[in-house]
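Visitor: Show me the folded form of this:
(2 chains)
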Amino acid sequence: MEASVTLKKVGKLFRDKTILAGLTFGVEKGSIVAFVGDNDAGKSTLLRVLAGLENPEYGSVFIHGMDIVKRRKDIRHMIGYIPLEPDMDPWLTLEQNMRFNGLLYGVDNSTISNRIAEYSSRLDLFDFLHHPANSVSYGNLKKSMIVRALVHDPTILILDEPTAFMDAQSSRQTWDLLKGLRREKTVIYVSQKLLEIEQAHDRILVLNKGKVILDGSLDKLLESTLEFHQFQIEFEELPDELYQKLSAIPRVVTPSRMNNIFYFYGRSRKVFFQVLKEAGDTLMEDLDIKKLGLRDLMDSEFARKGLD
Amino acid sequence: MIIPFIRRRWWLTQQRLFPTLSFAMLLPIMLHLLIVVPMASLVESPLNNVSYEKWVYPGLLVLIGIISLIPVLFRDLFDFRIHKKAIMYMTLAPISKLKLIVGILVGAILESIIFVIIGLLVLFFVTGIILNWGDYLIIFGFIIIINTLVGSFITTLALLTARIFSFIFILMIFFCYVLFGSGMIVPLDYFPDQLGVLIQYLPLNVMIHELKLVIFMGVFHWIPLSILVFIIFSWTYINSEIFRRKLNQ
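Guide: Sure, this is the predicted structure:
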């Protein structure tokens, strides 16, 4: 497939700290790509570099084959960026904010009106269009920022937490819109809402300390975890000695506890029975076994140690 | 590419029409009552056949223009930049930083011209002073150049400072200079000779001096004006470079 965005050894520093460490990857045209990672992993910085808000210290970013630094003006038309925090002019209405942006991109008035009407109705924003930005909730501001970014019809949409501050219905509308844009536009986003990512993704890139540590579809990423399960045993009382004893069982992976609940990962159910055997006569109140999801994969323990 | 910025300023004014109009009408009255009236009993006009009130009148209009320029540039280039609001998004548009700076500056100057027109009408009712049409045209021409000069200074200040205290502190010093050292309100004759000679070559002083020469003596010098226009163009370009570097774009 044709590449929409290509990064070649892109690096970004902040004083002595490395924010992005020589990133190299491509994003296919018309796909939805999610970046996930811990806080401070460099996700938002990466989006700002892709949007052209900041230049990388080294390496190159290409948008549809054009260097983002050398052909900045040509590339601006192709990108729509939605930052995390609302950044609209608080004294202008939502509609005026969107229209001003369209005018800056050289879009004619009637086209701007049509696009505002189309996307606002899909995001249920119509009633708020003539309200000043400072009198609208953050959720609606976030939705209007999406409309604002779409007014000049970009081919690449870059979103920092697309559904931040939104209620369930708004999140659903936003995802319906974004999924509807698939194929027509490339959607690149950062989110901490892993359930949304599991439902919406084409491809997921896991960032850690400015590097891509995992890259692929959710199924591919979870491939290595297929045999793994998360076990959870709630004891009536879980003394420290018992916790230490259970944690020391060889095939118990990344054990943890919360009050009297003992959590661990294991490749087979055999290890679960082994834990039950070691627990002996200690009274248990509840048991739970579940297959691993993206959240488990993102667990910092796993990111460091891996599953094996 | 300037039109979107002018429309934006118009929308902003519409959103705050009543406070804006109140400010525009109160400002000339306050300036007249608090500056011109007391100064008239302390300061003499440097021109024999012109009263102090009439001598200070063009300067008062320039002052209204400068004061109305400050909040616009502060909001767009300092407040929004520091708080990563609208201006950051504007920088993503396919226009150069020079056009962006010029767009904001032109919008602010046009708004300040409207303030000056309202001020002119209010001052007519307060003082009864009226000049002929030609003089008003000259005053407006000078106000555009002076506002571009002062606007460039405020732009540089807004782009280079990162803390509100620094911005306001420097602006207050500048404002003291505009009020007392630019020849707008207090004639330079009141300064010690050496200091007077020194400050008369400051760009704003040159402009105010030339403005009063044209209005009251009918003398017009092209050379200092051309040099200042060149300075303004260069300064605007330098501001766009400062902006680009600040943003690392």
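
Visitor: Compute the distance between the residue nearest to B:Thr127 when sequence neighbours are not counted and B:Gly59, please.
Guide: Spatially, and ignoring its direct neighbours in sequence, B:Thr127 is nearest to B:Glu53 (6.1 Å; C-beta to C-beta, 6 or more residues apart in numbering or on different chains). In short, each C-beta sits where N, CA and C put it, glycine included. Here B:Glu53 is placed at a distance of 11 Å from B:Gly59 (C-beta to C-beta, to the nearest Å).

Visitor: Which one's more surrounded, those two?
Guide: Neighbour count, other C-beta atoms under 10 Å in any protein chain shown: between B:Glu53 and B:Gly59, B:Gly59 has more, with 22 against 18.

Visitor: quick one: contacts for the more buried one?
Guide: B:Ser182, B:Gly183, B:Met184, B:Ile185, B:Ile208, B:Leu211, B:Lys212 (C-beta atoms under 8 Å, 6 or more residues apart in numbering or on different chains).

Visitor: what residues does chain A put near chain B?
Guide: A:51-55, A:72-74, A:76-77, A:79, A:81, A:83, A:85, A:87-93, A:96-97, A:100-101, A:103-106, A:132, A:148 (C-beta under 8 Å from any C-beta of the partner chain).

Visitor: ok, which stretches of chain A are strands?
Guide: Remark: strands assigned in chain A by DSSP state E are A:3-14, A:17-28, A:32-37, A:58-63, A:66-67, A:79-82, A:156-160, A:186-190, A:203-208, A:211-216, A:229-235, A:253-258, A:261-266, A:284-291.

Visitor: Columns mean neighbour count and mean pLDDT on top of those, output as TSV?
Guide: Converted to TSV, the strands of chain A look like this (neighbours: other C-beta atoms under 10 Å in any protein chain shown; pLDDT from 0 to 100):
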stretch	mean neighbour count	mean pLDDT
strand A:3-14	18	87
strand A:17-28	17	87
strand A:32-37	23	90
strand A:58-63	18	92
strand A:66-67	14	92
strand A:79-82	25	96
strand A:156-160	23	95
strand A:186-190	25	94
strand A:203-208	22	86
strand A:211-216	16	84
strand A:229-235	19	88
strand A:253-258	16	87
strand A:261-266	20	88
strand A:284-291	12	86
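
Visitor: Compare those strands and report which one is nearest to B:Lys246.
Guide: strand A:3-14 (15.6 Å; C-beta to C-beta).

Visitor: Between strand A:32-37 and that closest one, find me the angle.
Guide: Following axes from the mean of the first three to the mean of the last three C-alpha atoms, to 10 degrees, one obtains 20 degrees for the angle between strand A:3-14 and strand A:32-37.

Visitor: Which residues outside strand A:3-14 are in contact with it?
Guide: Strand A:3-14 is contacted by residues A:18-31, A:42, A:45-46, A:49-50, A:54, A:56-65, A:155-156, A:186, A:188, A:210 when judged by C-beta under 8 Å, 6+ apart.

Visitor: B:Gly65 contacts B:Ile145, correct?
Guide: No - proximity of B:Gly65 to B:Ile145 does not meet the contact threshold set by C-beta atoms under 8 Å, at 10.7 Å.

Visitor: Next, count neighbours for the closest residue to B:Ala162 other than its chain neighbours.
Guide: Among residues not flanking B:Ala162 along the chain, B:Ile82 sits closest, at 6.8 Å (C-beta to C-beta, 6+ apart). Each residue near B:Ile82 was counted by other C-beta under 10 Å, and the total is 15.

Visitor: The residue nearest in space to the middle of chain A and chain B, how far apart?
Guide: A centroid search over chain A (C-alpha atoms, centre = their mean) returns A:Ser191, at 2.6 Å, as the residue closest to the centre. According to C-beta to the nearest C-beta, to the nearest Å, A:Ser191 stands 20 Å off from chain B.

Visitor: circling back to that earlier point, go through the host helix or strand of the residue nearest to B:Thr127 and flag the buried ones.
Guide: For B:Glu53, the element it lies in under DSSP states H and E is helix B:52-73. By neighbour count on 16 or more other C-beta atoms under 10 Å in any protein chain shown, the buried set for helix B:52-73 is B:52-70, B:72-73.

Visitor: ok, the residue nearest to B:Thr127 - contacts?
Guide: Shown in contact with B:Glu53 (C-beta under 8 Å, 6+ apart): B:Val36, B:Ala40, B:Thr127, B:Ile129.

Visitor: Quick check: the farthest pair among these?
Guide: B:Ala40 and B:Ile129 (12.4 Å).

Visitor: Now the buried members of the residues of chain A next to chain B.
Guide: Burial by neighbour count, 16+ other C-beta under 10 Å: within these this picks out A:51-55, A:72, A:76-77, A:79, A:81, A:83, A:87-93, A:96-97, A:100-101, A:103-105, A:132, A:148.

Visitor: Tell me, how many residues neighbour residue 151?
Guide: Using chain A. A:Val151 is flanked by 25 other residues according to other C-beta under 10 Å.

Visitor: try again with chain B
Guide: Residue neighbour count, defined by other C-beta under 10 Å, stands at 28 for B:Gly151.

Visitor: now B:Gly107
Guide: Under the criterion other C-beta under 10 Å, the count of neighbours that B:Gly107 has is 23.
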